[in-house]
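Engineer: have a look at this prediction, sequence included:
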Amino acid sequence: MITLRFKQLFPAAALLLCAPAAALAGTGHGPDIAPVWTAPFALLLLCIAVLPLAAQHWWESNRNRALVSGFFALIFSAYMLLSFGHAGGAALLHAVLHEYLPFIVLLAALFIISGGIYVKGSLAGTPLSNSAFLVIGAVLASLIGTTGASMVLIRPLLRANRARERKTHLVVFFIFVVSNCGGLLTPLGDPPLFLGFLKGVPFGWTMQLWKEWLLVNGLLIILGNLVDQHLLAREEKERAGAQLEQALEHEPLGIAGWHNFLFLGGIVLVILGKGQGWGGEWPFGMQELLMTGITLAAYCTTKQELRTANSFTFAPIIEVAVLFFGIFITMIAPLTVLNTHGKALGLTEPWQYFWATGALSSFLDNAPTYLTFAATAAGSMGVSLESQRYLGDFLAAGGAQAAGILIAISCGAVFMGANTYIGNGPNFMVKAIAEENGVKMPSFFGYMAWSCGIMLPAMLLVTLLFFR
């Protein structure tokens, strides 16, 4: 029975473009999926990129998004069942139950609970205050996760800048820092690191990545401040009145629905409890059941007017749920193809792992991408992947070399999840919330223009300083 565990998943495009044909012959590791069946995944991504431009009104409906996502998921599922029978069905079932379900339950829990936290008043919508938002978010992301920090802070940021005409850049830098790069310091920060923790990486191990965290987030916050100053100065020239004076206007800060922080803490404890094995090994579904119970308790104990004040609706999480359902199903093909033939890539140096992990994390979910490359590195050093905590064995056996490779993989997965809207779950939710609040966000490729111009130079600097 195929289980397609994360260690068997391997990202796609690089090998399909670079590996010789002989390297793509089956090796017996699970269903031998033909490379051509990566097409449903690629076409789904193309639809996500093109349809908002070509059919904007039609694409705004979550029903229509679900039809597109479900169409490609259905085509690929039919191929798996007809070609591989029980093994194909097991692979699909694993993708839904062990990957998609925990993913969406966690995102939904953080989204719904944080939607009941209302930050009354606002900071001033000045470049300095906006940079302070990013600093707070970068720290908070490692404490309650990138999703939790994003959902708590995005609405106050938008309110603080409601008088501003140009706000797109603020959301883009928010996604870079709060929804991605800020989550590098703890296993609670970003899903890839949490999965590494489950596979044996010590809880405090990621704290040593503070130099990489400080460099990248510091650069992004400084650059975001410069861009914000430039655009505010342009508004001052183009619009009548004093835009800076309007931006400085703000109400005293306060928090309503503060009890929801306790529920967020409950979610963190559930994640930590499963990872630490409190009470022994948890049965399948226990984590999701506990999270659902905490979320329902938070929803029922929060006044509706707080969610109304936050302009809270379920539309953003529904959008993420329907699109990522198709992504999780169809990405079985590219991940499996590359896992089966991953050694053909010949990765040996930390910088190679950094860019390979980061490039594929930009388009595939960064959590399985992280574990796939980590498992490949462990296997290359002769560490058995049968142990549930094989990454701990890898670090113990490989010494400084293993640590250097895992640091590169961790940074690549977390940082470069910011490169596209689909690189990390919070990205899409922040985009949807911003659009609900009247901010015109870039298209899929428009956002990539921002990330290529800002994130990639930062990643080159990280490579030169840490992974040469």
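Structural biologist: It's in. All values derive from a computational prediction rather than experimental measurement.

Engineer: residue ranges with poor pLDDT in the protein?
Structural biologist: Scanning the chain for pLDDT under 70 picks out the ranges 1-30, 121-124, 239-253, 335, 338-344, 385-388.

Engineer: centre of the chain to the lengthiest helix in it, how far?
Structural biologist: For the chain, the longest helix by residue count, based on DSSP state H, is helix 127-160. Relative to the centre of its chain, helix 127-160 is centred 16 Å away, using Cα atoms, centre = their mean, to the nearest Å.

Engineer: one more: stretch 389-406?
Structural biologist: Using Cα atoms, centre = their mean, the distance between the centre of stretch 389-406 and that of its chain works out at 24 Å.

Engineer: cool, and stretch 375-395?
Structural biologist: Here the centre of mass of C-alpha atoms in stretch 375-395, compared against the chain's by Cα atoms, centre = their mean, lies 24 Å away.

Engineer: the longest helix of the chain: which residues count as buried?
Structural biologist: The neighbour-count criterion (16 or more other Cβ atoms under 10 Å) identifies 127, 129-134, 136-138, 140-160 as the buried residues of helix 127-160. (Each C-beta comes from the backbone N, C-alpha and C, glycine too.)

Engineer: got it, and stretch 76-83?
Structural biologist: If you call a residue buried by 16+ other Cβ under 10 Å, then stretch 76-83 has these buried ones: Phe76, Ser77, Tyr79, Met80.

Engineer: tell me which two of those sit farthest apart.
Structural biologist: By the measure Cβ to Cβ, the buried residues of stretch 76-83 have their two most distant members at Ser77 and Tyr79, which lie 7.2 Å apart.

Engineer: give the residues shared as contacts by these two.
Structural biologist: Common contacts of Ser77 and Tyr79, defined by Cβ atoms under 8 Å, 6 or more residues apart in numbering, are absent altogether.

Engineer: contacts for the helix or strand just after the longest helix of the chain, please.
Structural biologist: Tracing the chain past helix 127-160, the next element assigned as helix or strand by DSSP states H and E is helix 168-177. The set of residues external to helix 168-177 that reach it, using Cβ under 8 Å, 6+ apart, is 130, 133-134, 137-138, 141, 150, 153-154, 157-158, 161, 164, 217, 220-221, 223-224, 227-228, 231, 418, 426-427, 430-431, 434, 439-442, 447, 450-451, 454-455.

Engineer: all strands for this protein, in order.
Structural biologist: With DSSP state E as the definition, the chain shows strands at residue ranges 118-120, 254-256.

Engineer: buried ones in the last one?
Structural biologist: Read it as strand 254-256. Along strand 254-256, the positions that meet the burial threshold by neighbour count (16+ other Cβ under 10 Å) are Ala256.

Engineer: parallel or antiparallel, list what pairs with that strand.
Structural biologist: Within its sheet, strand 254-256 is paired with strand 118-120 (antiparallel), according to DSSP bridges.
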